[in-house]
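**Q** I'd like to go over a predicted model; first the sequence, then the structure.
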Amino acid sequence: GSAMFGTRLTLRRLQELRRDHDLPRVALYISYPGRERLEAYPHHTGYGDEWNRIGPIGESAVDGGFTGPTAWTLVDYKGLPGFRGKGRFTDAELQELVDVSARRGWQMGLHAIGDAAIVQTVNAYSHAIRNVPGVAKDHRWFLDHFTVMPPAATMQTMARDRIFIAQQPNFLYNLEGRYAATLDDWRLRHNNSVGTPVHRYGLFVAFGSDNLPIGPMVGLYAAVSRKGPSGTIHGPEESVTMPEAIRMYTANGPWLTFEEKIKGTLEPGKLADLIVLDKDPLTVSADEVLNIKVDMTILGGKLVYERLGQEAAKARQ
């Protein structure tokens, strides 16, 4: 999953914490530090080990979000004539950020929430992919969030240049009130869209929860049902099936971090990181998914959590 950490949680600090604690494995986003600092830094995407590794230049926000709300959109916010949020970069500034990072061998995973920010970011990525020498064919660059679905031409560019998406389907649920208040009918219907990008344009999507303290069951529920807490179904055509949603939550994330050979699926020779659930999400109704509980968590083959044991211990207290 994508997580936005405080600046003090560096690779070195995570490596220190790992010595004494059972922490999850982390692929760390690096905020763009400017040309000089990046060119002086000896490492790039992929450095580290299976516990802590450097991922993309990411979460350097191209725009704001809908909690503000400051996401940068192509049309006015609902009820706010003339207000469209704002971007953080000029086209030239963003292009320099991407080009400098690309020349140093970095993967890109920038935060782009509004459709105007998505258009600007895709244009910058596409220009670098086509013009910066040394960008790997298998670059796996992606946009983080992809909340407001952009115009078809932008998704066509993404398909052509193999630009991918890391998305948080739980936002549909968590932020339903914000979207309803700020987005016009079409953008509300297609918020956090998956069906159109995946099925019509063949784009690759990985799911996570972002920095909200919420489990993946909410994301699975929202991706499959497209329901917010109000019960309203937003754009049923943007849903995916439960098998698709599970794959996006499991196998697809490690593919974005170049770790698909060791993570993401249950196969011999891979890391034994898995959970045991009390119900099968493939057979229960979508509405029941929200109530699925984790019975066990296993990390590297080691049992690190057992629900029944925890509940029994609490009852004894």
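**A** Here it is on my side, so go on.
**Q** what about the nearest residue to Asn170 once chain neighbours are set aside, which SS state?
**A** Computed as C-beta to C-beta, 6 or more residues apart in numbering, the closest residue to Asn170 that is not its neighbour in sequence is Gly219, at 4.1 Å. C-beta: built from backbone N, CA, C; applies to glycine. At Gly219 the chain is in helix, as set by DSSP: H, G, I helix; E, B strand; the rest coil.
**Q** how many other residues sit next to Gly219?
**A** By the criterion of other C-beta atoms under 10 Å, Gly219 has 29 neighbours.
**Q** what segments of the protein are helices?
**A** 11-20, 35-40, 91-103, 115-131, 152-161, 170-174, 176-182, 185-189, 195, 216-225, 242-249, 252-256, 286-289, 307-316 (DSSP state H).
**Q** so for Tyr77, which of those sits nearest?
**A** Distance to Tyr77, taken as C-beta to C-beta, is lowest for helix 176-182 among the helices of the chain, at 4.9 Å.
**Q** contacting residues around that closest one?
**A** For helix 176-182, contacts defined as C-beta atoms under 8 Å, 6 or more residues apart in numbering pick out 66-67, 69, 77-80, 172, 187-188, 191, 228-230, 232, 234.
**Q** which one of those residues is nearest Ile246?
**A** Closest to Ile246, out of all of those and judged by C-beta to C-beta, is Leu172, at 17.1 Å.
**Q** residues in contact with the closest one?
**A** Applying C-beta under 8 Å, 6+ apart, the residues near Leu172 are Tyr179, Asn191, Asn192, Ala222, Ala223, Arg226, Gly228, His234.
**Q** now with 7 Å, please.
**A** The contact partners of Leu172, taken as C-beta atoms under 7 Å, 6 or more residues apart in numbering, are Asn191, Asn192, Ala222, Arg226, Gly228, His234.
**Q** over to Phe66?
**A** Ile113, Leu175, Arg178, Tyr179, Thr182.
**Q** now do 6 Å
**A** Contact analysis of Phe66 by C-beta atoms under 6 Å, 6 or more residues apart in numbering lists Leu175, Arg178.
**Q** just the buried residues of the contacts of helix 176-182.
**A** Phe66, Pro69, Tyr77, Lys78, Leu172, Arg187, Leu188, Asn191, Gly228, His234 (16 or more other C-beta atoms under 10 Å).
**Q** picking up where we left off before, now for the contacts of helix 176-182, which pair is the farthest apart?
**A** Longest span within these, C-beta to C-beta: Leu80 and Pro229, 23.9 Å.
**Q** list the contacts for Val218?
**A** Counted by C-beta under 6 Å, 6+ apart, Val218 has contacts Asn170, Tyr173.
**Q** next one: Ala222
**A** Pro169, Asn170, Leu172, Tyr173.
**Q** and the residue nearest the centre of the chain, what are its bridge partners?
**A** Geometric centre of the chain, nearest residue: Ala166, 3.2 Å, by C-alpha atoms, centre = their mean. Applying DSSP bridges to Ala166 yields these beta-bridge partners: Asp144, Ala206.
**Q** might one say that it is in contact with Arg140?
**A** No - contact criterion C-beta atoms under 6 Å: Ala166 and Arg140 do not qualify, at 10.4 Å.
**Q** joint contacts of these two?
**A** By C-beta under 6 Å, 6+ apart, no residue touches both Ala166 and Arg140.
**Q** sorry, back to before: closest one to His43 out of the contacts of Leu172, please.
**A** Asn192 (32.8 Å).
**Q** just the pLDDT for that closest one.
**A** Per-residue confidence (pLDDT) for Asn192: 98.
**Q** check the nearest residue to Thr73 once chain neighbours are set aside and give its pLDDT.
**A** Spatial nearest neighbour of Thr73, chain neighbours left out: Gly114 (4.3 Å); criterion: C-beta to C-beta, 6+ apart. Looking at Gly114, its pLDDT is 97.
**Q** ok, Gly114 to Gly79 distance?
**A** According to C-beta to C-beta, to the nearest Å, Gly114 and Gly79 sit 16 Å apart.
**Q** which of the contacts of Ala222 tops the neighbour count?
**A** Top of the contacts of Ala222 by neighbour count (other C-beta under 10 Å): Pro169, with 29 neighbours.
**Q** that one: what's it in contact with?
**A** If you count contacts by C-beta under 6 Å, 6+ apart, then Pro169 has Asn192, Phe207, Gly219, Ala222, Ala223 around it.
**Q** kindly recompute the last result at 7 Å.
**A** Asn192, Val194, Phe207, Gly219, Ala222, Ala223.
**Q** I'd like the residues you listed written out as JSON lines, with distance to Ala136 added.
**A** Formatted as JSON lines, those follow (distance: C-beta to C-beta, whole Å):
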{"residue": "Asn192", "distance to Ala136": "29"}
{"residue": "Val194", "distance to Ala136": "26"}
{"residue": "Phe207", "distance to Ala136": "24"}
{"residue": "Gly219", "distance to Ala136": "30"}
{"residue": "Ala222", "distance to Ala136": "33"}
{"residue": "Ala223", "distance to Ala136": "30"}
